[in-house]
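Asks: Got a sequence here, can you model it:
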Amino acid sequence: MNAFPWPIFLTLLATGILCTLAVIPYSLALNPDVLEILKQKQAARSSPIPPALIVVFASLVQGGLLVAVALYLGLLASRAVGLGLPVLQAALSGQPFVEHLLTILPVSLLVGFAGGALILVIEQTVFRPRLPIQFRQAVVKSTRFWNRLLACFYGGIVEEILMRLLLFAGLAWLFGLVWKSPSGGPALGAFILANIISNVLFGLGHLPTTKRLTPLTPLVITRAVVLNSLIGLGCGFLFMAYGLEAAIIAHFSADIVIHLIGPAVLKDQATI
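Replies: Residues are numbered from 1 along each chain as shown. Down below sits the predicted model:
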């Protein structure tokens, strides 16, 4: 096997850390009690360290370690099953990459924008009428446009590293140990099963944030899995067909529709 792709690892690690910092304002807007609790603790200890600095440092350490581990294992798993980042690899190695990027851009944007629009339609027609009004209004009322814009970078890049590069590729490798194609790699069914399971887990992964806004009922749990899987399944197939860059573009585009366009045109819009 070729040497570990350290340039890709370091590039994505730096990008992931920046995205982790970018999502802090959004996270604090959804959890305003965090800073207040830290202020009280710092006052009790007579500590001169600003609470905001503690949040930034903790996010850097925790987020950086999470992204680093996910990247290392994800790159190993994805290479083992024949998946990767062809655009970034070409760019870092001095090879032509613009043509390939322009090739994947239309389909990635289509999947992202169409998936985001479909999520909004299903949210408005199926889930929204049955959700508590406090939950429907919570995110838009507590966050600002720029908070949500910065959060889109975290969703598009870091979540794709975690869900597609690590979880999806890891599951495909695991299933491929017993479900092989004639060539010896994972069978197509192994990839499809990995895509489905990773997206269910992706939806469930949003529940801790949702729980802070509303009680977890069967409807709320179903909503998280269904809405997140709509775009997640598409990102999984883009990863298989074109590389992780296509999945990142689609995820980011969907988040733009959901978190920026949605609240502007729909009333009482929640987040997924």
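Asks: which one is Phe113 nearest to, not counting chain neighbours?
Replies: Nearest non-adjacent residue to Phe113, counting by Cβ to Cβ, 6 or more residues apart in numbering: Ser253, 5.3 Å away. To be clear about C-beta, it is placed using only N, CA and C from the backbone, and glycine gets the same treatment.
Asks: In contact with that neighbour: list those residues for me.
Replies: 108-109, 111-113, 116, 156 (Cβ atoms under 8 Å, 6 or more residues apart in numbering).
Asks: what residue ranges in the chain are flagged as low confidence?
Replies: Scanning the chain for pLDDT under 70 picks out the ranges 1, 134, 136-141, 267-272.
Asks: Quick check: what element follows the longest helix out of those in it along the chain?
Replies: When the chain is scanned for its longest helix (criterion: DSSP state H), the result is helix 51-80. On the C-terminal side of helix 51-80, the nearest following helix or strand under DSSP states H and E is helix 86-92.
Asks: After that next one, which helix or strand is next?
Replies: helix 98-122.
Asks: So what touches that following helix?
Replies: Residues outside helix 98-122 that contact it (Cβ under 8 Å, 6+ apart) are 86-87, 90, 226-227, 230-231, 234-235, 238, 242-243, 245-247, 249-258, 261-262, 266, 269, 272.
Asks: ok, now stretch 171-181?
Replies: With Cβ under 8 Å, 6+ apart as the test, stretch 171-181 has contacts from 77, 80-81, 83, 185-191, 193-194, 197-198.
Asks: out of the residues you listed, which are buried?
Replies: The neighbour count (16 or more other Cβ atoms under 10 Å) marks 77, 80-81, 83, 185-187, 190-191, 193-194, 198 as buried among these.
Asks: what's around Leu85, how many residues?
Replies: For Leu85, the neighbour count with other Cβ atoms under 10 Å is 23.
Asks: Same check on the one 3 residues further on?
Replies: Residues near Leu88, counting by other Cβ under 10 Å, number 21.
Asks: So it sits against Pro5, correct?
Replies: No: using Cβ atoms under 8 Å, Leu88 is not in contact with Pro5; the gap is 9.1 Å.
Asks: State the helix or strand in which the spatially most central residue of the chain lies.
Replies: Taking Cα atoms, centre = their mean, the centroid of the chain lies closest to Glu159, which sits 2.4 Å from it. Secondary structure from DSSP H and E places Glu159 in helix 159-160.
Asks: residue with max distance from the center of the protein?
Replies: Within the chain, the residue lying farthest from the chain centre (Cα atoms, centre = their mean) is Ser46, at 38.0 Å.
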